[in-house]
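> can't give you the sequence, but here's the structure:
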Ligand SMILES: Nc1ncnc2c1ncn2[C@@H]1O[C@H](COP(=O)(O)OP(=O)(O)OP(=O)(O)O)[C@@H](O)[C@H]1O
Ligand SMILES: Nc1ncnc2c1ncn2[C@@H]1O[C@H](COP(=O)(O)OP(=O)(O)OP(=O)(O)O)[C@@H](O)[C@H]1O
Ligand SMILES: [Mg+2]
Ligand SMILES: [Mg+2]
């Protein structure tokens, strides 16, 4: 019998990685006999260590982090988005507008994240500057508690932590990411080039399945799923109402990486001084899998 | 019997204080779960068997890392303790490496050892290695010179001297090092299980924390605490057992 | 002088081995930076003054946490060591809390102490508190009963007994606990500076790791190692200074 | 209780229980000590000498019988009866002067200057003026024991209890200190109970020797030493008492009583 | 080098340098010991007795002069001259039997059974058959020293060096063990060099006493003891030598030579 094909994908347990959960759950259907090994990490740092050293073949990861790795010479390809939108700016109840955040402490998960860029953009839109707030990096899980105790006045982070804060009533949503900027990029599916070279066919199967799974995730409804088949129940352990809330903010149906959005991201990274020489679109983004997936459908 | 009584009193006191903090502070359950919620979490973990799996894999990782560290460190320590010149060179390197948190090495650990079991084992190895090595070296240096004179006087040759005199003479201090190392190494289990592990008590804590299931975080903390205590007692018993073999009163 | 020589030899040996590993293993710079890159990183950190800021803030956090822990733990330890009944109740609680990694407490630390300096200080406090407390209690219990008999014989009253007899008699063991605690607490600096800190050596390591600047990670590791060594030497000097005040040969 | 007895033990017994077993260490000990007397307790290791001294000093209480000191029953240690411990019991973190002052610190009625003066006086008495600012670790064993004696003297106790005070010294230092102790006693007229396993020491120093037997510890014989002071270690009268005691322990060569009967 | 000398020291000196300073510990020590002799070295604490014994045993080498053992210069320790240390030097993790066997283990020519037999023989010699499976910590000080003696005897060394072997025992145990040592020596005819600060011990045991003086350590007087063995501690001939030595250290009461001159 031919050797079983396995791809090892790293992820963090966040709503943003939903297409991976669905593809894994229905791998028999998508992968043509191959398998996905989903490896859960506790934070982006450990995930990046594993990705950079080739201990995993790919990951659903913050776009900015993947670009940084590419800039540092790690041979990665971005093949599809993780999701669209779905990053909320959560603020404490006494904040009514961006101007109220002047001098406030705002938590973000990572400087190399969409959330940091969104923060900057939001401030600019309101006529403030990045220096007007005090941004701190902290583990997402600690953010709702910090907000509730008044240690921070706002946080911008991946789901489900925004929805969690709202449902715990520690804060409220000031903006959704698409209200700050349409089509901002957040998570991306990357594969290591050495994996693509070794198993181009399986890589294609995987990406095709991924895009299909995204569609399925988009159509997800808490009530239609059987306990044991529900991918969210399998991979993301949150309450139903939190999940419903957070899914309302996010979409998975179009996971194409648009060059225009990418170029804007590059430009912003340079502007904010987070990267000197982010990889060019042609160098980093490999659209061919996505196109081929559309063909095959 | 008396210990059980003290344990019970302590246990009840802790529960009361904990519940009082919640009532007085008015913390929501999601941010500071009450004892009852944690109790339920523990029952759930025990009844669906996940706890057993976590404990098993954590113990496996811990023992692999710890025992390897002990063997390597004791053997190296015996040799280095008797070679002052080599030790003079090695010592500064160790002195600089020792204060560095095992987590800081994570990128390099992943590079060389991958993810899953190995990083946890390696981090526990590192955490246990230095205390055992240092205590072995200082134990060997502290050996009563009378013992060495006796060995000389009897014209005892080298391997025999090491096994018959130096190791047993240094053993009480080495055992002390082993004892300390169990505690410090166990603390790093959580750090070790952060790097791509998919199970274990450390993973349970990190993962529950990411899911904001603080009741499970506390359950994990309690298990780590209790297991740490048991490990400590176990090595205490081992020490006393060796002591009894060697006629030293426990 | 001799120490400097040994240090230099050790230093050169480490550099050579490190470079050889890179040449032989063929590791890319992004995964394992060569000595030269790290050297450049260090020079950059030093020359733009960021290093100084990081060191300063880390030392501030460390000393705040460590010294508070020492004061609280020594005072508590002196009292608990002389009250065996209370200790019997407190001991099991401490035994269970001690093996838990300070990181596991992170959610609760944020809840109570917020972010920034405090979590780092609290984590260092926790890391230093237990070893100092345990060594103080056992030091007090190990005091030569002759000293206590003398106090009784002289009809010495309680506060005087504690300050004139018990504390100085227990001091050598307490000092040993302080010494061990410096090492273990310093290790947790990195863990402490992971929670919302925006500066410090731990933050430098985490942040550089986030930015995949492994050369700066190694630079940070080297500084943490060297500072840890210096702290260790400093407390050794302090111990010997006290010893000399008290006429005990260093 | 007789009026003139300074220390009196009435059928005193002592048991210890360790690990469920009860060991009888002292049994039926009775004796009285007059004011001004120097009494030695002589016996083998483990016969209960230290236990007896602890009972007199109030560091432990008897299982049976009672101990009286100057007409009062002894319940706890007191400044009136100071114990000298075998390992000197100096505080290593205090200088000689500070160690001697320690004994005076609980006396609130003394001013700092008075305290210092009294401490210096007794340091002079044992001939350690030169070393008053040194730490115990910087002194020889003999000098350390002198400091302990000075500390006891400074308190001006009515009774000094000495537990094998010279056992850890070499013969020569022991001799010097024994002479010195006699010399001091001539001036200060202290009441002393001394525990020892050294026959010569007991004869050389004391007015009366209580010879103890073991299992359980009891007084086997009481010996009055009627020699003028100062005594001569090599004098024949001295040898008379020596032979008496050696005989009582079967150490003279008057038969094959030796062999391995330890 | 004379032919009949068993141990010979030729103008031996020893200096130690510690912290930049050089201390002269021994100076110009010469003596010869004949085969079968029992020599004691008597002196105050710190006069260099242990240093001298270490030189004879080869544990240290002289700064000047040379040490010969059975015609050969001593360069390092040897199984032919076994040292007994003051604190017995037993391995606490081995039983009595195993401790005694330790001395025989380097002799590869012995079978396990032979080794056991020889060990048991010498354990019997010191009267410890009953305790052969106990650990040192379970024995009294006197019994521990017997084990050390048994270990030395089992090796059948030509010379036994003893460094204050009985100093840590109480007087009574010391007496027992001294008698036992004489008893064993009668059977085994060992050559013994014994270091002590106990005048009686030196007289009771040895054929010849080397009396040492300190700063730097040197031999001040040599004293042949011409008493028949076994000797009587309370006999007047014994007292003669005792007085001789006490006088030489100014301890007899023949004047006011005492005072605080320690
Ligand atoms: N606290 C105790 N608990 C149990 N047994 C004890 C205790 N103190 C002493 N003993 C036992 O009582 C006996 C007498 O002890 P003690 O210390 O009085 O003897 P000693 O004559 O002073 O001996 P030495 O000359 O060795 O000091 C010993 O057998 C000892 O083991
Ligand atoms: N290794 C050494 N380095 C420096 N000085 C030393 C050394 N060994 C001994 N001495 C010094 O030499 C002198 C004689 O020491 P030694 O141990 O021989 O005396 P001793 O007569 O055996 O004394 P004791 O009766 O106390 O055992 C002492 O002053 C000691 O401090
Ligand atoms: Mg005693
Ligand atoms: Mg000596």
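In hand now; what should we look at? Note that the structure is predicted; figures quoted are calculated from it, not measured. Ligands and ions are numbered 1, 2, ... in the order given.

> from here on, just use CA atoms for contacts and neighbour counts.
Fine.

> what stretches of the chain score poorly on pLDDT?
Just so you know, I chose chain A. Within chain A, the stretches with pLDDT under 70 are A:1-3, A:224-227, A:297.

> the chain in question should be chain D.
For chain D, the stretches with pLDDT under 70 are D:1-4, D:251-262.

> helices along that one, start to end?
Along chain D, counting by DSSP state H, helices occupy D:49-57, D:96-102, D:112-125, D:141-154, D:171-188, D:199-205, D:236-248.

> from the contact counts, what lies against the third one?
The helices and strands touching helix D:112-125, judged by 3 or more C-alpha pairs under 8 Å, 6 or more residues apart in numbering or on different chains; DSSP states H and E, are helix D:96-102, helix D:141-154.

> ditto for the second one
For helix D:96-102, the elements it packs on are helix D:112-125, helix D:141-154, judged by 3+ C-alpha pairs under 8 Å, 6+ apart.

> angle of the last one against helix D:112-125?
What it means is helix D:141-154. Put simply, helix D:141-154 runs at 130 degrees to helix D:112-125, going by axes from the mean of the first three to the mean of the last three C-alpha atoms, to 10 degrees.

> okay if I get the helices and strands packed on helix D:112-125 as a markdown table plus mean neighbour count and distance to ligand 1?
Converted to a markdown table, the helices and strands packed on helix D:112-125 look like this (neighbours: other C-alpha atoms under 10 Å in any protein chain shown; distance: least, C-alpha to the nearest ligand atom, whole Å):
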| stretch | mean neighbour count | distance to ligand 1 |
| --- | --- | --- |
| helix D:96-102 | 25 | 25 |
| helix D:141-154 | 24 | 17 |
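
> burial count for whichever residue of the stretch 51-200 of chain D sits closest to chain A?
Per C-alpha to the nearest C-alpha, residue D:93 is where the stretch 51-200 of chain D lies closest to chain A, at 48.3 Å. Neighbour count for residue D:93, taken as other C-alpha atoms under 10 Å in any protein chain shown: 23.

> for chain D, give the residue positioned nearest to chain B.
Proximity of chain D to chain B (C-alpha to the nearest C-alpha) peaks at residue D:19, 13.5 Å away.

> ok, now which ones touch residue D:24?
By C-alpha atoms under 8 Å, 6 or more residues apart in numbering or on different chains, the contact set of residue D:24 is D:13, D:14, D:15, D:16, D:215, D:216.

> residue D:27 is in contact with the last one, correct?
The one in question is residue D:216. Yes: contact criterion C-alpha atoms under 8 Å: residue D:216 and residue D:27 qualify, at 6.0 Å.

> for chain C, what are the nearby residues on chain A?
With C-alpha under 8 Å from any C-alpha of the partner chain as the criterion, chain A meets chain C at residues A:44-45, A:52-53, A:65, A:68-69, A:72-74, A:110, A:112, A:136-139, A:141-142, A:145-146, A:149, A:151.

> tell me the contacts of the residue minimising distance to the centre of chain A?
In chain A, the residue lying closest to the centroid (C-alpha atoms, centre = their mean) is residue A:187, at 2.8 Å. Residues near residue A:187 by C-alpha under 8 Å, 6+ apart: A:16, A:17, A:60, A:61, A:62, A:63, A:81, A:82, A:83.

> can I get those in a markdown table including distance to chain E, neighbour count and secondary structure?
Converted to a markdown table, the contacts of residue A:187 look like this (distance: C-alpha to the nearest C-alpha, whole Å; neighbours: other C-alpha atoms under 10 Å in any protein chain shown; DSSP: H, G, I helix; E, B strand; the rest coil):
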| residue | distance to chain E | neighbour count | secondary structure |
| --- | --- | --- | --- |
| A:16 | 63 | 30 | helix |
| A:17 | 62 | 26 | helix |
| A:60 | 60 | 26 | strand |
| A:61 | 59 | 26 | strand |
| A:62 | 61 | 25 | strand |
| A:63 | 64 | 22 | helix |
| A:81 | 68 | 27 | strand |
| A:82 | 66 | 32 | coil |
| A:83 | 69 | 26 | coil |
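
> which one among these gets closest to chain C?
residue A:62 (11.6 Å).

> beta partners for that closest one?
Counting by DSSP bridges, residue A:62 is bridged to residue A:187.

> isn't it up against residue A:116?
No: in this structure, residue A:62 is not within contact of residue A:116 by C-alpha under 8 Å, at 11.4 Å.

> residue E:5: which of the contacts of residue A:187 is nearest?
Residue E:5 has its nearest neighbour among the contacts of residue A:187 in residue A:61, at 90.0 Å by C-alpha to C-alpha.

> now the helices for the stretch 101-250 of chain A?
A:114-125, A:143-148, A:161-167, A:177-180, A:193-198, A:200-218, A:231-235, A:240-247 (DSSP state H, counting those that start in this stretch).

> separation between the residue in the stretch 101-250 of chain A that chain E sits nearest to and residue A:115?
Of all residues in the stretch 101-250 of chain A, residue A:139 sits closest to chain E, at 53.1 Å by C-alpha to the nearest C-alpha. Distance from residue A:139 to residue A:115, counting by C-alpha to C-alpha, to the nearest Å: 13 Å.

> of the two, give the one with the bigger neighbour count.
A direct count of neighbours by other C-alpha under 10 Å for residue A:139 and residue A:115 places residue A:115 higher, at 26 against 21.

> list the contacts of residue A:135.
A:105, A:106, A:107, A:108.

> cutoff 10 Å now
Counting by C-alpha atoms under 10 Å, 6 or more residues apart in numbering or on different chains, residue A:135 touches A:103-108, A:110-111, A:116, A:119-120, A:152, A:154-155, C:196, C:198.

> report the two of these separated the most.
Maximum pairwise distance among those (C-alpha to C-alpha): 19.7 Å, between A:103 and A:110.

> okay, the two: which has more neighbours?
More crowded of residue A:103 and residue A:110, by other C-alpha under 10 Å: residue A:110, with 24 against 13.

> ok, and the closest non-adjacent residue to the more buried one?
Spatial nearest neighbour of residue A:110, excluding adjacent residues (C-alpha to C-alpha, 6 or more residues apart in numbering or on different chains): residue A:137 at 5.5 Å.

> tell me if I'm right that the one you found and residue A:109 touch.
Yes: if you go by C-alpha atoms under 10 Å, residue A:137 and residue A:109 touch, sitting 5.2 Å apart.

> what sits in contact with each of these two?
With C-alpha under 10 Å, 6+ apart, residue A:137 and residue A:109 have common neighbours A:116, A:143, A:155, C:196.

> tell me, which of these make contact with ligand 1?
Taking C-alpha under 6 Å from any ligand atom as the test, ligand 1 is in contact with none of these.

> neighbour count for those residues - can I get that in TSV?
Formatted as TSV, these follow (neighbours: other C-alpha atoms under 10 Å in any protein chain shown):
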residue	neighbour count
A:116	23
A:143	31
A:155	32
C:196	26
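
> just the helices in chain B please.
Using DSSP H, the helices of chain B run over B:2-25, B:35-47, B:50-81, B:84-97, B:106-113, B:117-142, B:145-153, B:158-160, B:167-187, B:189-192, B:201-210, B:214-245.

> tell me, how many residues neighbour the residue of the stretch 1-150 of chain A found nearest ligand 1?
The minimum distance from the stretch 1-150 of chain A to ligand 1, using C-alpha to the nearest ligand atom, falls at residue A:142 (55.9 Å). The number of residues packed near residue A:142 is 25, by other C-alpha under 10 Å.
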